[in-house]
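Sharing a sequence plus its predicted fold:
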Amino acid sequence: MKSLLILSFSLFVCPQAFCQKQVDFYGHEIQNDICNQLPFRDNEEAKTCLNNICSAGGVINNFTMIPCIDIGNCLAIYRNHIQYILYDNHFLKRLSAFGFTEKNLPSAGTNWPEIAIMAHEIGHHVMGHFTNPFMQQNFTVVQLELQADEYAGNILYKLGATLAEAQQVMLNDDITIQGSDTHPPRQQRIEAIAKGYQKARNSDNIEVMAISADKIIQGLTLHGKWDRSDQMAFNNGTQYAYHYYLTGDDAYLDEIKEVRYVRNHATFYEVQNNTYQSSQDRASGFDYKGYQWGYINTVYVTVVLKDGTISPKTLVNLTFD
């Protein structure tokens, strides 16, 4: 089924092709009188869909949502300094399941092509295609379309789509292989989505790499817990079990492969033998259990990240449970 998506550049200055005619997402020319009346009202369900997309992209939702029949999809226009997103209720029904946050990702049944289309249209607004003379004067209409496609790819990565799901929208038969004077060839659009998708993924990797091993230690809390029920006799005395473990941001803990502990007292084995006690048990917060006579206030901690990076040995204060 064909889904029309109108892109209307209504400006004092606009790319010539768009001043002459309006085209849909697929490059088909449409009539200029569609939804000429723009009532100042919106729909809460539509706003929820848009809010979720904007949230994932870090965009303030200052768009005005307008229901508009017989357009089959959604579209971005700019009139009288107002950023509009027009939508058809049939499109909204397909998108209505899109009520999630980044921590409550959509199911496999999510209609990613519709989400990609809305993200593409938001991209035209966010990137200033309607309002920035520089964009209008220095890029062709085809280039602006590729920019919006790239933006959509970036957003769909952040929303949890696979690359194949992000590119589904471009597999519609109405996306021409050769392109047109207003829209790029299919392969270029597929590649633009992949480019935006990869940029978002690379950004995630950079953020993880930027969390150095020593900063991870600084961002975590070291706990000590005395277990009186767990004891052992040693040299005519009794030693009790002490547990040492870390809590904090899961993003930090998930990067750790191993935690090495050196209890800060001259009587302990690891101090006397210049070694350490270690744990690789992520589920327990890298818990290490050691038997000792009494409590200590500090422990030297070293973390080994999954990429092999090793932090400096850092003296850390204990928080007792």
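Perfect, I can see it now.

Show me the domain layout of the chain.
6-210, 213-320 (automatic domain parsing).

Now mean neighbour count too, for those, in a markdown table please.
Every residue, glycine included, has its C-beta placed from N, CA and C. What follows is these, written out as a markdown table (neighbours: other CB atoms under 10 Å):
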| stretch | mean neighbour count |
| --- | --- |
| domain 6-210 | 18 |
| domain 213-320 | 15 |
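
Need these in TSV (columns: mean pLDDT).
Output for those, formatted as TSV (pLDDT from 0 to 100):
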stretch	mean pLDDT
domain 6-210	72
domain 213-320	88
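
Could you point out the longest helix of the chain?
Identified as the longest helix of the chain according to DSSP state H is helix 186-210.

what's it packed up against?
Using 3 or more CB pairs under 8 Å, 6 or more residues apart in numbering; DSSP states H and E, the elements in contact with helix 186-210 are helix 141-158, helix 163-167.

what about E150, distance to I117?
Look at E150 and I117: by CB to CB, to the nearest Å, they are 14 Å apart.

Oops, could you answer that again for D321 instead?
52 Å.

Equivalent analysis for D174, please.
12 Å.

any chance you could map the helices in the stretch 201-321 of the chain?
Counting by DSSP state H, counting those that start in this stretch, one finds helices in the stretch 201-321 of the chain at the ranges 213-218, 250-253, 269-272.

would TSV of these with distance to N317 be doable?
Shown next, in TSV, are the helices of the stretch 201-321 of the chain (distance: least, CB to CB, whole Å):
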stretch	distance to N317
helix 213-218	12
helix 250-253	18
helix 269-272	18
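
S229: which of those helices is closest?
Nearest of the helices of the stretch 201-321 of the chain to S229, taken as CB to CB: helix 269-272 at 23.0 Å.

what's in contact with that closest one?
261-266, 275-277 (CB atoms under 8 Å, 6 or more residues apart in numbering).

Those in strands, which ones?
Of these, the ones assigned to strands by DSSP state E are 261-263, 277.

Reduced to three states, what does A119 come out as?
helix (DSSP: H, G, I helix; E, B strand; the rest coil).

is it true that it touches K158?
No - at 9.6 Å, A119 does not count as touching K158 under the criterion of CB atoms under 8 Å.

Quick check: neighbours shared by these two?
Joint contacts of A119 and K158 (CB under 8 Å, 6+ apart) are G57.

Contacts only, for K257.
So K257 contacts 280, 304-306 (CB under 8 Å, 6+ apart).

By residue count, tell me the biggest strand in the chain.
Longest strand in the chain, counting by DSSP E: strand 220-234.

which strands and helices sit next to it?
Going by 3+ CB pairs under 8 Å, 6+ apart, strand 220-234 lies up against strand 237-248, strand 288-292, strand 298-305, strand 319-320.

How about residues contacting the second one?
Contacts of strand 288-292 with the rest of the structure, by CB under 8 Å, 6+ apart, involve 227, 230-232, 234, 239-245, 259, 261, 263, 268, 277-279.

start to end distance for stretch 127-137?
14 Å (CA to CA, to the nearest Å).

next one: that stretch to chain centre, how far?
26 Å (CA atoms, centre = their mean, to the nearest Å).
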